[in-house]
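Asker: My questions concern the predicted model and sequence given below.
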Number of protein chains: 2
Amino acid sequence: MTLIVQKFGGTSVADPDRMKNVARHVAETRRQGNDVVVVVSAMGKATDNLVELARQVSSNPQGREMDMLLTTGERISMSLLCMALNDLGCEAMSFTGSQVGIITDTSHTKAKILEIKGDRVREALGQGKVAVIAGFQGVSTEREVTTLGRGGSDTTAVAMAAALKADVCEIYTDVTGVFSADPRMVPQARKLGWLSFDEMLEMAGAGSKVLALRSVEFARNHDVPIHVRSSFTWEQGTWVSGEDNEGRRKMEDPIISGVVHDVGESKMTLLGVPDKPGVSALLFESLAKANVNVDMIVQNTSIEGTTDISFTLPMADVKTAEPILNDVAKKVGASGVTQDDNIAKLSLVGAGMKSSPGIAAKMFRILAENQVNIEMISTSTIRISVVVRREHLQIALRALHSAFNLDSGEDYSAPLPERK
Amino acid sequence: MTLIVQKFGGTSVADPDRMKNVARHVAETRRQGNDVVVVVSAMGKATDNLVELARQVSSNPQGREMDMLLTTGERISMSLLCMALNDLGCEAMSFTGSQVGIITDTSHTKAKILEIKGDRVREALGQGKVAVIAGFQGVSTEREVTTLGRGGSDTTAVAMAAALKADVCEIYTDVTGVFSADPRMVPQARKLGWLSFDEMLEMAGAGSKVLALRSVEFARNHDVPIHVRSSFTWEQGTWVSGEDNEGRRKMEDPIISGVVHDVGESKMTLLGVPDKPGVSALLFESLAKANVNVDMIVQNTSIEGTTDISFTLPMADVKTAEPILNDVAKKVGASGVTQDDNIAKLSLVGAGMKSSPGIAAKMFRILAENQVNIEMISTSTIRISVVVRREHLQIALRALHSAFNLDSGEDYSAPLPERK
């Protein structure tokens, strides 16, 4: 029998009507003879509302109480979905992270999964029931309720699929799959039929919001095939799986899978830094210690013994980083600190890049032809990212999307991967 | 050291500002050197909203999922209150029913408490922390999350006070205590200083909403003194305790403690029932089996071999009772079934009644003088209840309140009971 894990995000269960839609979708999957495990997020903006309540009663909520507070959102979703399923004659049973036995470490608000027991879930499946699981949460080795951080429900779904050796982990979202670019920015953007784990990882890292980076890492490490699709239709979405499915890529597939952008980062610069060893180490060690996620780093060539060090970081981390930069500037005798929110990062991602030289050169030429100035560059084997002015983002995205043949009308949907 | 259990209802924690008020009140109690355990209800209308969500996704939600859903309300409250307390520098830790070890039977949505372990609460108190407990919930012997039914947070508070041998269980509410009548109906109503458990039980049974009946039963059985008071002031409220505190009642106290009313009941009548043995048994056994809570029962004198049987029941139970009555009517050959929502029950309650004959006669005379017709009567040793037309309720309440000397301006607050 095929075992399918289905994960529904907050938008898919935002109100009772959508919840009932999801129930019909799950019941139909079950009716087709599959074993089904469902992972749900909190309804709509429920988590944001709870965070706001916490902010209103406390200037510094403790992690333990925050985790207890936030986990209620997914519990509400899972109970309601079970009720709706039972109403359709589809027997279902809900389980909290603790009831499933999702054992985590003790880091409140960003716990890591250590082990999944899952006995009660297997028992429910054995009785022919659909198991509905609260996403985003676990129970620590100290028996405290923990959460896995934002995007944690994707991680719960992939981890459950790995633990139960599911045939596929279906991630339902409000778009129909992963696109070659954000369709709101590039109208010609096409849905991708298949991506390798590595490509999806680079896309998530470059700003694609469809899948949480951490869940893709988990899927790659445990070889869990992911199917990203829409909860509003039954059409095929985007498959993400291992390189051994590479053969399913069509011969004429473009070298580049997609153009991804991110406007959630800020650029900070330490100006006039004396050019001597240890300055970068001091700066980035201090930032790491404060859990600031530094993304791209650029250091200028030294002019007259001083240099500038720039880096990008999530806007949310700027407040934490500022005093650290000022402190480091004072210690090393830098001339100043600047911060710039008006930037955008855009990235080309594609496994085809590995065997096609000159992609970077072509990218830079296209941007130059469109009068887009490049401020920072970073690359991996299958990704090239640049930072540009925010106002140049849209023209840059569209130009690159066309230049790398992503506009061509035909969708290159791959067939379903073989079920094991 | 004095151990105080404080219970705050939904109105007291309805929004972040009120939550912070409660936190200040709890922190002040702790600052005065008391050990404090707090029990909280869900915020404002949170439980009603969750019930409504369930109704929108399912015509018949299962108890297990309903309990999981509803228990989130108190979890939200307890986490937020802990955050607010910690923000005030008052160390606090939250516990779900399951974390406290409130072990119940397996009756979902109306579970009974079997045992309270409380080890983690004692540990938190030992560390000088305030323990904040989610009301209304427990964990069953089958390890499922359960709820104690409406008013369950009062029961949680009293049960915790009993288990921890607390000095007092303070029930905070939006009124300043128990009154001689509902002040919205009788402007002269006075706050009562002290009531015996038996009087409070009769009042709760007769329709007083201040304390849940079941929590008063629990308090009586475990001799837990209750102090009903307002969360908005520090003034003395109403004490409820055992008869051994009877001495605290002042000599000149009225014989009657209060006039209580209830407009939440309906009257159903089985008409033209053949007057033979076994009819009442069949009727009330069938209703009991369906969990219908029958209150007052009246059977007319037999006229020409047939009689009418009337009874009152909560309006919420009418839908369940209707088919049962129709069924019984058919079986015993009754001539019909009627139902009447336009009634009100009013009750005189007072321990003084026991030693003062003629209270009932006086009550009936007052009502007659005010043209109020009595439709049903029932009595206990310290209570007399009558059913009247709904439109006569207010005039009847005011007349009785005056006639039994409850209007006298002076409050008869009793001193604090001795702390053991």
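Answerer: Perfect, thanks for sending it.
Asker: Now the element after the lowest-mean-pLDDT helix or strand in chain A, going C-ward?
Answerer: Using mean pLDDT, DSSP states H and E, strand A:297-299 stands out as the lowest-scoring helix or strand of chain A, at a mean of 86. Tracing the chain C-terminally past strand A:297-299 and defining elements by DSSP states H and E, one meets strand A:306-314 next.
Asker: who in chain A is up against chain B?
Answerer: Residues of chain A lying close to chain B by C-beta under 8 Å from any C-beta of the partner chain are A:16, A:19-20, A:23, A:50, A:53-54, A:56-62, A:64-66, A:68-69, A:71-72, A:75-76, A:78-84, A:86-87, A:93-94, A:96. (Each C-beta comes from the backbone N, C-alpha and C, glycine too.)
Asker: about what we covered before: just the buried positions in the least confident helix or strand of chain A, please.
Answerer: With burial defined by 16 or more other C-beta atoms under 10 Å in any protein chain shown, the residues of strand A:297-299 counted as buried are residue A:298.
Asker: That strand pairs with which strands?
Answerer: strand A:306-314 (antiparallel) (DSSP bridges).
Asker: quick one: contacts of stretch A:118-128?
Answerer: Stretch A:118-128 is contacted from outside by A:3, A:35, A:37, A:91, A:93, A:95, A:99-101, A:130-131, A:133, A:160, A:163-164, using C-beta atoms under 8 Å, 6 or more residues apart in numbering or on different chains.
Asker: Could I get the buried residue list for it?
Answerer: Buried residues in stretch A:118-128, counted by 16+ other C-beta under 10 Å: A:118, A:121, A:124, A:125.
Asker: And stretch A:206-222, by the same measure?
Answerer: For stretch A:206-222, burial by neighbour count (16+ other C-beta under 10 Å) applies to A:206-208, A:210-220.
Asker: Just the CA trace of stretch A:171-180, in PDB.
Answerer: C-alpha atoms of stretch A:171-180 as PDB (Å, rounded to 0.1, in the frame of the first residue of the first chain):
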ATOM      1  CA  ILE A 171       3.600  19.800   0.300                       C
ATOM      2  CA  TYR A 172       0.400  21.700  -0.400                       C
ATOM      3  CA  THR A 173       0.700  25.400  -0.800                       C
ATOM      4  CA  ASP A 174      -1.200  28.300  -2.400                       C
ATOM      5  CA  VAL A 175       0.800  28.100  -5.700                       C
ATOM      6  CA  THR A 176       0.800  25.100  -8.000                       C
ATOM      7  CA  GLY A 177       4.500  24.300  -7.700                       C
ATOM      8  CA  VAL A 178       8.000  25.800  -7.900                       C
ATOM      9  CA  PHE A 179       8.300  28.400 -10.700                       C
ATOM     10  CA  SER A 180      11.200  29.500 -12.900                       C
END
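Asker: quick one: buried residues of it?
Answerer: Those would be A:171, A:172, A:173, A:175, A:176, A:177, A:178, A:179, A:180, for stretch A:171-180 by 16+ other C-beta under 10 Å.
Asker: Would you convert those into a markdown table that also reports distance to residue A:263?
Answerer: Formatted as a markdown table, the buried residues of stretch A:171-180 follow (distance: C-beta to C-beta, whole Å):
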| residue | distance to residue A:263 |
| --- | --- |
| A:171 | 23 |
| A:172 | 25 |
| A:173 | 20 |
| A:175 | 18 |
| A:176 | 23 |
| A:177 | 22 |
| A:178 | 19 |
| A:179 | 17 |
| A:180 | 18 |
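Asker: Of those, which pair is most distant in space?
Answerer: Of all pairs drawn from the buried residues of stretch A:171-180, the one with the longest distance (C-beta to C-beta) is A:172 and A:180, at 20.6 Å.
Asker: can I assume residue A:366 sits in a strand?
Answerer: No - counting by DSSP: H, G, I helix; E, B strand; the rest coil, residue A:366 falls outside a strand, being helix.
Asker: That one against residue A:397, yeah?
Answerer: No - assessed by C-beta atoms under 8 Å, residue A:366 is found out of contact with residue A:397, at 10.9 Å.
Asker: which of those two has more neighbours?
Answerer: Ranked by neighbour count (other C-beta atoms under 10 Å in any protein chain shown), residue A:366 and residue A:397 place residue A:397 first, with 21 against 16.
Asker: State the distance from the more buried one to residue A:298.
Answerer: Per C-beta to C-beta, to the nearest Å, residue A:397 is found 22 Å from residue A:298.
Asker: Check residue A:200 too.
Answerer: Taking C-beta to C-beta, one finds residue A:200 at 26 Å from residue A:298.
Asker: Any regions of the stretch 251-400 of chain A where pLDDT drops low?
Answerer: Scanning the stretch 251-400 of chain A for pLDDT under 70 picks out A:251-254.
Asker: Pick out the residue in it sitting closest to chain B.
Answerer: Ranked by C-beta to the nearest C-beta, the top residue of the stretch 251-400 of chain A for proximity to chain B is residue A:319, at 19.6 Å.
Asker: Near that residue, how many residues? Count them for me, please.
Answerer: Around residue A:319 there are 9 other residues, counting by other C-beta under 10 Å.
Asker: tell me which element it falls in.
Answerer: When elements are assigned from DSSP H and E, residue A:319 belongs to helix A:318-332.
Asker: Show residues contacting that helix.
Answerer: Residues outside helix A:318-332 that contact it (C-beta under 8 Å, 6+ apart) are A:266, A:268, A:270, A:273-274, A:279, A:282-283, A:286-287, A:290-292, A:313, A:334-337, A:339.
Asker: Tell me which residue of chain A is furthest from the middle?
Answerer: If you look at how far each residue of chain A sits from its centre, by C-alpha atoms, centre = their mean, the farthest one is residue A:304, at 42.6 Å.
Asker: Format the buried residues of stretch A:206-222 as TSV; extra columns: pLDDT and secondary structure.
Answerer: TSV is the format used below for these (pLDDT from 0 to 100; DSSP: H, G, I helix; E, B strand; the rest coil):
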residue	pLDDT	secondary structure
A:206	91	coil
A:207	90	coil
A:208	90	coil
A:210	89	coil
A:211	91	coil
A:212	89	coil
A:213	89	helix
A:214	91	helix
A:215	93	helix
A:216	94	helix
A:217	92	helix
A:218	92	helix
A:219	95	helix
A:220	94	helix
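Asker: Now flag whichever of those is closest to chain B.
Answerer: Nearest to chain B out of the buried residues of stretch A:206-222 is residue A:212 (C-beta to the nearest C-beta; 23.8 Å).
Asker: Relative to the whole chain's centre, how far out is stretch A:49-63?
Answerer: Offset of stretch A:49-63 from its chain centre (C-alpha atoms, centre = their mean, to the nearest Å): 25 Å.
Asker: Residue A:262 bridge partners, please.
Answerer: For residue A:262, the beta-bridge partners under DSSP bridges are residue A:345.
Asker: From what I see, it and residue A:314 are in contact.
Answerer: No - judged on C-beta under 8 Å, residue A:262 makes no contact with residue A:314 at a distance of 9.3 Å.
Asker: between the two, who's got more neighbours?
Answerer: More crowded of residue A:262 and residue A:314, by other C-beta under 10 Å: residue A:262, with 21 against 15.
Asker: Name all residues that make contact with that one.
Answerer: Residues in contact with residue A:262 (C-beta under 8 Å, 6+ apart) are A:206, A:207, A:344, A:345, A:346, A:347.
Asker: what residues are up against the third one?
Answerer: Going back to what we said before, that points to residue A:344. Contact partners of residue A:344, counting by C-beta under 8 Å, 6+ apart, are A:261, A:262, A:263, A:387, A:388, A:389, A:390, A:392, A:393.
Asker: And the fourth one, by the same measure?
Answerer: For residue A:345, the contacting residues are A:206, A:207, A:261, A:262, A:263, A:265, A:295, A:296, A:312, A:385, A:386, A:387, by C-beta under 8 Å, 6+ apart.
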